[in-house]
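*Asks:* Provided below are the primary sequence and the corresponding predicted coordinates.
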Amino acid sequence: MTLRTTDHACELSTHSSTQAQNDYVENSERWPDFSHFDVIIIGSGIGGLVTATQLAAKGLRPLVLERYLIPGGSAGYFERDGYRFDVGASMIFGFGQRGTTNLLTRALAAVGKQIETVPDPVQVHYRLPNGLDIRVHRDYDAFLTELGDRFPHERQGIRRFYDACWQVFNCLNSIELLSLEEPRYVTRVFLQNPLACLGLARRLPANVGGLARRFLKDPELLHFIDMECYCWSVVPADKTPMINAGMVFSDRHYGGVNYPKGGVGRIAQTLAEGLVEAGGYIQYRSRVKRIVTQAGRAIGVELATGERYTADRIVSNATRWDTFGTLLEQPSLPSVERRWQSRYTQAPSFLSLHLGVRADVIPPNTDCHQILLEDWADLEAPSGTLFMSIPTLLDPSLAPCDRHIIHAFTPSWMTDWQGLSANDYEQQKQAMANQIIERLERIFPGVKEAIDHCEIGTPRTHRRFLGRANGTYGPMPRHKLLGLLGMPFNRTQIPGLYCVGDSTFPGQGLNAVAFSGFACAHRIAVDLGV
């Protein structure tokens, strides 16, 4: 089967002519050379935008520099032939209406914004080896019942394991989530809720695997817990921090998974609108070539187009590999970065298919988010685990009438796509795409013939359009570490330079990078005396 193989992601920058994207360019003010700001943020991913909006809400004057025409990075979107595709994942946490972990809701509210969302009754439908077919229901007890029915001899252990995850979540959800680098905040939070703080400190060095083996014995059930971790951390339970798992495994039943009406790109769009209304700035088509330093201190940036801007503080929303390997000109890595890179490596990228299909091939009551794996041995292998979302089941407006969107993606390493001729590259894309479609065909018979539109993205696509080293999803531990203790906070060894996003505490995921943004803005505001 021959598919259209135009690289997707932000190629909308040169191929899409939607009014919304044109408006971004027309309304993006271009600042003159040597303009000065309170803070410059490199990149408009969710971490960068939350940092910027929090700073603007505190009365500061931040400038976000975005290399493309629209905000969001891997939380962006692109449009083709009447379809509005999410660039990245569409399983969104952080839109709850209670507690303190609803960080996307809180970030939007800080600049007077909100987004209509659609609740997803099932976080994910697992289709796993040996017929292990499990739905993670929004209702906690319904999920435990379904999993316990498959493993009746482990029913008590299942509840004890997930209840232990709730203990972590309840600690997180009882405190304001800001910068752990700020001593006065840490002291205040501890005095307000000492038991929650002690509970989190005790679990900070822990990983999921040890807890799971304390309560569960069945090998297949332990494989299932590995998948529960892998589907968002890209590592199995032994390498997945307990703090992160407590958030994910519990918030899906507390705040729930909620899909933004209009697509995931609406989050970044709305944050960008709120930023400008609050007195901040965002400038598109502004690729930062390097971070400018003076006497070892970060003082500004230089764009690929030659302009230089200065600021009291610089924030990089790029990966740490891009920040310290490309944007900073220095003879050697700072010692903290060398230590971090000895502990963490780049996670794989993804091979992504964005499909428009006839709606009649998707049965009624199909779940939006699904994960397919045929052999446990392939959990972490390239093209092993297949992730799938059908966001039009929650928001039909994303596709033409009588059509659905299927976003299918699987881990893929840059090394498998390097050194290919243009012809070999296209042939490999076709072959890999056809393999994914064959797997989809087992779930949705007839989908192969029902494809109305197809876009294929590879690690090279993600590197090119998202500006991420090797198209990586983010950092992952090289070996088993002590939970989150090795993940760096926002300040760096370079005075005046901060990092935000998935290679800072607490890691990957939209809600996690929003946490990073809240923490970064808090630390900067304190440092600037605000």
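*Replies:* It's in. Numbers count the residues shown, from 1 in each chain.
*Asks:* In which helix or strand does the residue nearest to Gly280 when sequence neighbours are not counted reside?
*Replies:* Spatial nearest neighbour of Gly280, excluding adjacent residues (CB to CB, 6 or more residues apart in numbering): Ala56 at 3.7 Å. For the C-beta atoms, the positions are set from N, CA and C on the backbone; glycine is no exception. Taking DSSP states H and E as the definition, one finds Ala56 inside helix 46-57.
*Asks:* can you check Ile92 too?
*Replies:* Per DSSP H and E: nothing holds Ile92, as it lies in no helix or strand.
*Asks:* what's the distance between it and Asp360?
*Replies:* 27 Å (CB to CB, to the nearest Å).
*Asks:* of these two, who's got more company?
*Replies:* Legend: neighbour count by other CB atoms under 10 Å for Ile92 and Asp360, higher for Ile92 (21 against 11).
*Asks:* dump the residue contacts of that one.
*Replies:* By CB atoms under 8 Å, 6 or more residues apart in numbering, the contact set of Ile92 is Leu104, Thr117, Val257, Asn258, Tyr259, Pro260, Val264, Ile267, Leu510.
*Asks:* what pairs with the closest residue to the second one other than its chain neighbours across the strands?
*Replies:* In other words, Thr117. Sequence neighbours aside, Asn258 is the residue nearest to Thr117 in space, at 3.8 Å (criterion: CB to CB, 6+ apart). Beta-bridge partners of Asn258, counted by DSSP bridges, are Pro119.
*Asks:* How about the contacts made by Asn258?
*Replies:* Ile92, Phe95, Gly96, Thr117, Val118, Pro119, Asp120.
*Asks:* can I get those in a markdown table with distance to Leu466 and pLDDT?
*Replies:* Output for the contacts of Asn258, formatted as a markdown table (distance: CB to CB, whole Å; pLDDT from 0 to 100):
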| residue | distance to Leu466 | pLDDT |
| --- | --- | --- |
| Ile92 | 18 | 95 |
| Phe95 | 23 | 95 |
| Gly96 | 28 | 92 |
| Thr117 | 24 | 97 |
| Val118 | 26 | 97 |
| Pro119 | 29 | 97 |
| Asp120 | 25 | 97 |
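*Asks:* Let's see if you can find the most crowded of those.
*Replies:* Result: Phe95 is most packed of the contacts of Asn258 (other CB under 10 Å), 25 neighbours.
*Asks:* Looking at the residue nearest to it when sequence neighbours are not counted now. What's its pLDDT?
*Replies:* Nearest residue to Phe95, sequence neighbours excluded (CB to CB, 6+ apart): Asn258, at 4.0 Å. Asn258 is assigned a predicted lDDT (pLDDT) of 97.
*Asks:* go on, Arg4?
*Replies:* Arg4 is given a pLDDT of 50.
*Asks:* and stretch 194-202, which residues are buried?
*Replies:* Ala196, Cys197, Gly199, Leu200 (16 or more other CB atoms under 10 Å).
*Asks:* how far does that stretch sit from the chain's center?
*Replies:* 27 Å (CA atoms, centre = their mean, to the nearest Å).
*Asks:* And the strands in the stretch 301-450 of the chain?
*Replies:* Under the criterion DSSP state E, counting those that start in this stretch, strands of the stretch 301-450 of the chain are mapped to 308-316, 344-346, 349-358, 369-372, 386-389, 403-412.
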